[in-house]
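S.K.: With the input below, show me the fold.
(chains A, B and C)
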Amino acid sequence: MNLNPLPDGDAELAPLAPAATLVAVTASPHAHGGGSVARVMQRVMLALTPATLFGLWLFGWPAINLFVLTIGGCLLAERICQRQMGHKSSLGDGSAVLTGWLLALSLPPWAPGWIAVLGGFIAIVIGKQVFGGLGQNLFNPAMVARVALLVSFPVVMTQWVVPQPLFSTEAPGFIDSLRITLQGPELPDAIASASLLGHTKTELSRGVELTHALAAGPAALFDWAGLRSGSLGETGALLLLVGGLYLLATGVIRWHIPAAVLAGIALPALIAHAADPERYLSAPQHLLSGAAILGAFFIATDYVTSPNTGRGQLIFGFGTGLITWIIRSWGGYPEGMAFAVLLMNAMTPVIDRYCKPRILGRQTNGQALEPKLIDNTGGA
Amino acid sequence: MLIAVISLTTLGVVLGTLLGLASRHFRVEGNPVVAEVESLMPGSNCGQCGFPGCAGAAAAIVNGNAQPTCCPPGGKALAQAVAARLGLSLDLSTVADAGPQLAMVAEEICIGCCRCIKSCPSDAILGGAKQIHNVLREACNGCASCIERCPTGAIGLKPVPVTLQNWVWPNPTSA
Amino acid sequence: MGIFDKIFRQLGRGEPWGVHPDEHKRPASEAPIRTLPVPPLLYIPFSQHVGAAAEPIVHVGQKVLKGECLAVAKGTISAPVHASTSGEIIAIGPITAPHPSGLEIMAITLRSDMEDRWLPLEAIVDPLAAAPEVLARQVADAGIVGLGGATFPASVKLGLGRRSGIKTLILNGSECEPYLSCDDRLMRERADGVIRGAVLMRHATGAREVRIGIEDNKPEAIVAMRAAAAGVADVSICVVPARYPMGSDRQLIIELTGIEVPAEARAADVGVLVHNVGTAHAIHQAIDLGRPLVSRVMTLNGAALRQPGNYEVLIGTVVDDLIAFSGGMRNTPARLVMGGPMMGQVLPSPLVPVVKGCSGILALSAEEVAQGEPGPCIRCGSCTKACPVGLLPLEMNARIAAGALDGAVGLGLHDCIGCGCCAYVCPSHIPLVQAFNHAKGELAAQARIRQRNEATRKLAQARTERLEREAREKAEAAARRAAERKAQKARDAASAAPEQANSEGAPA
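M.R.: Now for the predicted structure:
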């Protein structure tokens, strides 16, 4: 615009005319913090990487095949669903990859390939897309798939192997691994094993006392460094803990859920173990077994299916931990994290309803506060 | 056998008495919901819904013979209020609600015949014989009763002009 | 004690609210305030404040002096507007409003005579001895409104403070919005004027003390204000942590006094009044110099500008003129914003005038705006964590998207202050603030329709009653007339009979 548009005559005294080309009507704010869904997912994957690499090394090629197939199954299912529903593809945000990743970590490392692909489809189709896709699902997709597989194929889902690190002499080569992946493992007794929780459950149900059961069990039953049997995401518990702390430090998750889950497992374990060490495992054994760490930091903390407020998250987390311990100690399954997470997922809407944050200027019940006059009679 | 008969009979008698008492005790005159819905209606009895006045429309809506969306002057707001009161689910996309409307007089065609003035249910039109009429914005609810009365077609409904005071942010498309 | 006090307060409040956006205050905040030369044309809207629009008292062709009143306040909540410079009124009519809608607003077009001659000004001599009402009157006549952006008429607030017996006057110098530094510059360069304004306001409201809250990211302003306030009784400078939205009334009151203003109540109800530091300076000018509000300091900033800085701008200057004077644009901005980036309004075009509540003009590049494609909510809870009021923005947005506005109200929609923290942190780029604005506007529209329907129903009832009464009266009148006729007839008959008798009996 010319700085001096005004002529002397009255003819062109037109006031500022309405703008011909309006910009899009957009509300504030006109700045953004820079976060994105993809970045959140990437951080979680980064946090999972050390423990995953350790698990893949520990169980060799069959585990690597399983890992790739699970994620591939999830991606394929996501793509098919989104095409069928006419949605824009959102594979790039990484949520499907993460679902597959978490599912793979919760499977027996030598599980056959069809388990992986089927699990991926269950997770994405039944666990997520039927609810309307990302952000709409009530239950954690990876856990839906794990539970569905566990209930449908209990034998395949509880076949554990002795660690056979990659490049060690007894480990199967890539070709052998393809046979395992395609046909499923035919486990000779030498490598068939049991996880700590599974072994404990079996022995206790036979009436064997815990100290005897543990002494008589497989050698690699419990090992602080993680050189033991279990699912991919079970053995590297300490590495998972490191990843979880990274998530806490970067603000991807808050401390409430992990702390509450671990407390929910550890507190009853402490009490029960103190009361009857022949029937109940100790708290460290509980915390480093099964999916305790994975669940506390990576699964129960799933944004979509957990409560939104700190208070709600504490309730949710403690409930998850407590149910996990109850199932482990008294239930029919050796591990209960997946069931516990799903049960608490179902509680999430209720928890969210009753754990709303207090609105500024209101009491927790929504009533306005009573005005309290400022008292500065004493001077400034 | 006997015990069963006696106990069931006693139960029947007691519950029957309770029901009878309750029906007498909590009896209501007429249908209060109709009155309540009627109080939500614009009340100008313009007849655009096809029912005799707002009371008729309220009764029809309560009895399920009409949709809560049948009232053009009430628009979306009324439909929502009524649906909320009656616990109906509402498909607002079917409401042809062009927003609030106002009657406007085209001054060059108006002949000052006063017919519209007589037809206006809320006395929103001003003017005298042989003088151009005008509509009081505050009093007009856009019921359109006046429109067909005008012999020259000088009255029409126009949406209430959008100003800075009543402008509403558009709904962001994201769900 | 202090530390424990703070910890307990923090625990009581839960997690820290708000966000820490990139400040972008430099280099604009480091250059002194420059005065913009008088532009050839000024467009002065009637309504630059909350409340009723002012009513023009000038006519086209009239010559006015700087500071002359152009439109007077109408009603209790309103403010007059004044000529920003001397010149001639050449038009009174609609122009594009400085508002995202791009709708029209009534304004007076003033052609400057380039002399910038002031009207003879009437200051109040010894204002601290004058009655508070006199000061409030002077502030009202000067057309001063809240310069922080709320644009509530300042005198109304002063009167409210006096009536409700406020004890503490808070001056808001936090300037928590990124990019803006006009209050910072004002406090650095004109600290004496601000403090003087604070003293006058304390007198006008009867407050016991004044606390001036300044964010700790403005050390120079804190030093300058401390120096100016030294020796002034009961005026204290309080340093508050830099965090957005510290400058929001309720947040600042909590930070400075520890008191939480109840919902649906005003700050005055707890004995506190909050004013912006710019308002204090304007009040000082109005009372001590007699100057009405015809100019203000505002920030020009954003990556699209060649020379960001702070300028003293006449009210009614066209944004385009302002930008041209400052050195023009580097490139076309992605967004032109009036106010700060967190709560400012996007401008429909640069051809709109600046108004009293305009604290800055930002020409933001696309990178600065960082608008993303909205995605689905992943319920991450960032918005809940950031909300300074303790709302659940994600839940409110879900209700609004589903058309359940009442549900959103139940979750506290009306407690939302529109600060934009939620949308700022949202990883899915959901336009939460716009959804809330939309819902608030829609609810207001529905309330207006309900109100109108209520009014027309009353009118319709009155009309029905009138028609019935008229009909009744007509019927009664008809009945009366009929009765009269009957009586007449009877009388006639009665009088006719003797006549007849007479006539009969009369001798032929």
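
S.K.: and the longest helix along chain A, anywhere near chain C?
M.R.: In chain A, ranked by residue count with DSSP state H as the criterion, the top helix is helix A:37-85. Yes. Contact of helix A:37-85 with chain C (Cβ under 8 Å from any Cβ of the partner chain) involves A:37, A:39-40. C-beta: built from backbone N, CA, C; applies to glycine.

S.K.: Next SSE downstream of that helix?
M.R.: Downstream of helix A:37-85, the first helix or strand assigned by DSSP states H and E is helix A:95-105.

S.K.: Just the angle for the next helix-or-strand element following that following helix relative to helix A:37-85, thanks.
M.R.: Counting by DSSP H and E, the next helix or strand C-terminal to helix A:95-105 is helix A:113-121. Per axes from the mean of the first three to the mean of the last three Cα atoms, to 10 degrees, the angle that helix A:113-121 makes with helix A:37-85 is 100 degrees.

S.K.: still on that earlier bit, could you say what helices and strands the longest helix of chain A packs with?
M.R.: Judged by 3 or more Cβ pairs under 8 Å, 6 or more residues apart in numbering or on different chains; DSSP states H and E, the packing partners of helix A:37-85 are helix A:95-105, helix A:113-121, helix A:174-183, helix A:232-235, helix A:237-249.

S.K.: run the last query once more with 10 Å
M.R.: helix A:95-105, helix A:113-121, helix A:141-152, strand A:160-161, helix A:174-183, helix A:232-235, helix A:237-249, helix A:292-294 (3 or more Cβ pairs under 10 Å, 6 or more residues apart in numbering or on different chains; DSSP states H and E).

S.K.: residue contacts, C:Met187?
M.R.: C:171, C:173, C:175, C:193-195, C:212, C:214, C:218, C:220-225, C:228, C:237, C:277-278, C:280-281 (Cβ atoms under 10 Å, 6 or more residues apart in numbering or on different chains).

S.K.: Keep only those of the residues you listed that are in helices.
M.R.: C:193-195, C:220-225, C:228, C:277-278, C:280-281.

S.K.: any idea which of these is closest to A:Arg83?
M.R.: Nearest to A:Arg83, judged by Cβ to Cβ, of the ones in helices among the contacts of C:Met187 is C:Gly278 at 56.7 Å.

S.K.: Does that closest one touch C:Ala150 like I think?
M.R.: No. Applying Cβ atoms under 10 Å as the test, C:Gly278 and C:Ala150 come out as separate, 11.4 Å apart.

S.K.: Please identify which of these two sits among more neighbours.
M.R.: Taking neighbours as other Cβ atoms under 10 Å in any protein chain shown, C:Gly278 and C:Ala150 compare with C:Gly278 leading, 30 against 16.

S.K.: which non-adjacent residue is nearest B:Arg137?
M.R.: Excluding the flanking residues, the one nearest B:Arg137 by Cβ to Cβ, 6 or more residues apart in numbering or on different chains is B:Leu102, at 6.1 Å.

S.K.: Now do the longest helix of chain A against helix A:237-249, angle only.
M.R.: Using the same axes, to 10 degrees: helix A:37-85 against helix A:237-249 is 100 degrees.

S.K.: And helix A:37-85, how far out from the chain middle?
M.R.: Chain-centre distance of helix A:37-85: 13 Å, with Cα atoms, centre = their mean, to the nearest Å.

S.K.: circling back: what bridges to the residue nearest to B:Arg137?
M.R.: B:Lys158 (DSSP bridges).

S.K.: next one: C:Thr35
M.R.: C:Glu312.

S.K.: can you pull the contacts of it?
M.R.: C:295, C:297, C:311-314.

S.K.: Now do the domain split for chain B, please.
M.R.: As assigned by automatic domain parsing, chain B contains the domains B:32-86, B:101-159.

S.K.: got the end-to-end distance for the longest one?
M.R.: Looking back up the chat, that one is domain B:101-159. Domain B:101-159 has its terminal residues 4 Å apart, counting by Cα to Cα, to the nearest Å.

S.K.: And the helices in chain B, which stretches?
M.R.: B:2-25, B:32-40, B:53-62, B:75-86, B:115-119.

S.K.: since we're on the residue nearest to B:Arg137, how many residues are nearby?
M.R.: 17.

S.K.: Assess the claim that it and B:Ala124 are in contact.
M.R.: Yes. Between B:Leu102 and B:Ala124 there is a contact under Cβ under 10 Å: 9.2 Å.

S.K.: Could I get the phi/psi values of the residue nearest in space to the middle of chain B?
M.R.: Centroid-nearest residue in chain B: B:Met41, 3.3 Å away (criterion: Cα atoms, centre = their mean). Backbone torsions for B:Met41, taken as degrees, to the nearest 10, come to phi -70, psi 160.
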